[in-house]
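>>> build me a model:
(one chain, ligands or ions: 1)
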Amino acid sequence: MWYSGIAIRRLQQFSLTSLKTIRSPTHILQKEMSTLPRVYVTRQIPPEGLRILRESGQVQFELWDSDDVPVPRQELLQKVKGVDALLCVLTEKIDAELLDAAGPNLKVVSTMSVGFDHLSLEELKKREIRVGYTPEVLTDAVAELTVALLLTTSRRLIEATHEAKTGGWGTWRTLWLCGYELANSTVGILGLGRIGVAIAERLAPFKVKKFIYTDVAPRPELASLINAEYVSLDELAKQSDFLAVCCALTPETKEICNKDLFSKMKNTSVFINTSRGGVVNQEDLYEALSTGQIAAAGLDVTVPEPLPPSHPLFTLKNCVILPHIASASYTTRNAMSALAANNLLLGLRGEPLIKELKL
Ligand SMILES: O=CC(=O)O
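The predicted structure follows:
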């Protein structure tokens, strides 16, 4: 089913007007719709984005009308044929096969995500396709969730509620369920961007002693906002009491958190990842957690997603795993869908996108 802003407005007018006075309304609708750029939306996205597309009068669009199951690959390959723009989420791989299936009409790919590791940037660049994404609108939500996950992990909240509910709660005990506190700690940030800064701003009132970070190069402007010191990856591992991973997944950062990094961390350190699962070597993390090389880990992202319930990481009490919900607040997800829709419409008009990836 193709939806169009013009079609909806016209249908409303037709219901108010005697059909006898209008010759062949369906014909008019079909003619107008057939000239509008075609858009495929790969998910039932939050209402704000759909409203913007619908009311733009600029496009006709079809969507995979579910939020519970991703569009099957074969269906996607069929649906993208000849479209002018694609609005996708992070579960769709936008690679050469898909771009070939879409064909030469495709001008804009707009992803409702800040991460772009599901997009083959090289292939998009080759075809001169513009790419929109949704940074900034999710910074607050992701930073909030990261702090929540850090505290949940370091103060062992999941274990604690489990013990309370299942009879493990005996007398008050002096060292039972002790964890690690932020006061006087060193917090390390791997990949300092907007999200890393927002996390540090929220953690500072917990009386953190020092913020350190590493990145491909120093980022003095951002670092000055949180008074963070630039260090090497080795130093980050050695000094951090809490290590928060905030970098994008790229070929350079793939499995950057591995045996080598974990072996340099303190056995009292807490590792937190709300970026992408692919930055961690999960076998190495399992080893580090199960041997006490590090104290605990909180993960919002894994490989694969969903992580099968039988995965060894789920057997560990010192590993808290969330199902990729860092940006999941109603406000943020609506803002992301609106930004993705607006990026797409601007791209189709040949105007600068609000947030465009430079290819
Ligand atoms: O992980 C979420 C996103 O990339 O927006």
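>>> may I see the buried residues of the helix or strand harbouring Asp100?
For Asp100, the host element (DSSP states H and E) is helix 96-102. Residues Leu98, Leu99, Ala101, Ala102 are the ones in helix 96-102 that count as buried (16 or more other C-beta atoms under 10 Å). Placement of C-beta: from N, CA and C, glycine included.
>>> what about the residue lying closest to the second one once chain neighbours are set aside, which helix or strand?
Across the structure, with C-beta to C-beta, 6 or more residues apart in numbering as the measure, the residue nearest Leu99 apart from its sequence neighbours is Glu123 (5.5 Å). When secondary structure is defined using DSSP H and E, the element that contains Glu123 is helix 121-126.
>>> elements contacting that helix?
helix 96-102 (3 or more C-beta pairs under 8 Å, 6 or more residues apart in numbering; DSSP states H and E).
>>> again, only using 7 Å
The contact analysis (3 or more C-beta pairs under 7 Å, 6 or more residues apart in numbering; DSSP states H and E) places helix 121-126 against no helix or strand.
>>> run through the residues that contact Ser113.
Val89, Leu90, Tyr133, Thr134 (C-beta atoms under 7 Å, 6 or more residues apart in numbering).
>>> right, and the secondary structure at it would be what?
coil (DSSP: H, G, I helix; E, B strand; the rest coil).
>>> also Ser263?
helix.
>>> any idea how many residues pack against the closest residue in space to it that isn't next to it in sequence?
Leaving aside its chain neighbours, Ser263 sits nearest to Gln293 (6.6 Å; criterion: C-beta to C-beta, 6+ apart). Applying other C-beta atoms under 10 Å, we find 18 residues neighbouring Gln293.
>>> one step back: got the buried residues of helix 96-102 as JSON lines, with pLDDT and distance to Ile199 columns?
Formatted as JSON lines, the buried residues of helix 96-102 follow (pLDDT from 0 to 100; distance: C-beta to C-beta, whole Å):
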{"residue": "Leu98", "pLDDT": "98", "distance to Ile199": "34"}
{"residue": "Leu99", "pLDDT": "98", "distance to Ile199": "35"}
{"residue": "Ala101", "pLDDT": "98", "distance to Ile199": "39"}
{"residue": "Ala102", "pLDDT": "98", "distance to Ile199": "37"}
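>>> ok, which pair from these is furthest apart?
For those, the maximum inter-member distance is 7.3 Å, found between Leu99 and Ala101 (C-beta to C-beta).
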